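Trainee: sharing a sequence plus its predicted fold:
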Amino acid sequence: MSSSKTMLMSFISLVGFMIASRVIPHPPNFTPVLGMAVFAPYLFREMPVAVALPITAMVISDLLIGFHSSMFWVYGCIAVIAAVSYRANMSRPTALKTAATASVATFVFFAVTNFGVWLGGGLYPHTLEGLIACYIAALPFYGNTVLSTALFSALFYGLVRLIEGRRANARLSRSFN
């Protein structure tokens, strides 16, 4: 199979995985989307593709589960996380770089999307107290975001290292035969 065909099939498979993770019953905010936004620059070496991967999954899954008033904050934040991850040289990830990028991503996502909820919704007054109340109300969801992003970032990192190790072993064994 050609490289471009393999990349397209990988893209479609990962989008399908992320869509499934959002539409099947799951704990709130426990999906691989942020982990994929962090790791997509390694899998797809071009920034537009790395950004498009999690955004495509979000748009398609939101078509199925419904759109919401803060979706542009969510989409924008995920796109920025993927772009920053690309710029943070995740094209050469290390365990430390992956963990640091995932940690920053979860905090940024929490801060930005909940600011969007406060600014665009009618749940909280547009005061400092309302903003604080919005962030406090969102804290229970933050734990799931941190846990899922850490878990899926580590999983993606581990799988890539495993695949790279197998490829290196296969090349090494071919060179001795």
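Mentor: All right, it came through fine.

Trainee: helices and strands around the helix or strand bottoming out on mean pLDDT in the chain, which ones?
Mentor: Using mean pLDDT, DSSP states H and E, helix 128-176 stands out as the lowest-scoring helix or strand of the chain, at a mean of 88. If you count contacts as 3 or more Cβ pairs under 8 Å, 6 or more residues apart in numbering; DSSP states H and E, helix 128-176 packs onto helix 33-43, helix 95-120. In short, each C-beta sits where N, CA and C put it, glycine included.

Trainee: let's see that with 10 Å instead.
Mentor: If contacts are counted by 3 or more Cβ pairs under 10 Å, 6 or more residues apart in numbering; DSSP states H and E, helix 128-176 sits against helix 3-23, helix 33-43, helix 95-120.

Trainee: list the buried residues for the helix or strand just after the shortest one?
Mentor: Spelled out, it's helix 33-43. Downstream of helix 33-43, the first helix or strand assigned by DSSP states H and E is helix 47-65. By 16 or more other Cβ atoms under 10 Å, the buried positions in helix 47-65 come out as 47, 49-58, 61-62.

Trainee: which one of the residues you listed is nearest residue 86?
Mentor: Checking the buried residues of helix 47-65 against residue 86 by Cβ to Cβ gives residue 47 as the nearest, at 4.6 Å.

Trainee: the closest one contacts residue 80, correct?
Mentor: No: Residue 47 is beyond contact range of residue 80, at 11.6 Å (criterion: Cβ atoms under 10 Å).

Trainee: give me the low-pLDDT residue ranges for the chain?
Mentor: 1, 89-91, 168-177 (pLDDT under 70).

Trainee: center of the protein, which residue is that?
Mentor: Nearest to the mean C-alpha position of the chain, by Cα atoms, centre = their mean, lies residue 34 at 2.1 Å.

Trainee: quote the end-to-end distance of stretch 60-73.
Mentor: 16 Å (Cα to Cα, to the nearest Å).

Trainee: that stretch: how far from the chain's middle?
Mentor: On the basis of Cα atoms, centre = their mean, to the nearest Å, stretch 60-73 sits 16 Å off its chain's mean C-alpha point.

Trainee: so what touches it?
Mentor: Stretch 60-73 has contacts (Cβ atoms under 10 Å, 6 or more residues apart in numbering) with 15-16, 18-23, 31, 33, 58-59, 74-75, 77, 109, 112-122.

Trainee: how about a cut-off of 6 Å?
Mentor: Applying Cβ atoms under 6 Å, 6 or more residues apart in numbering, the contact partners of stretch 60-73 are 19, 22-23, 113, 116-117, 120-121.
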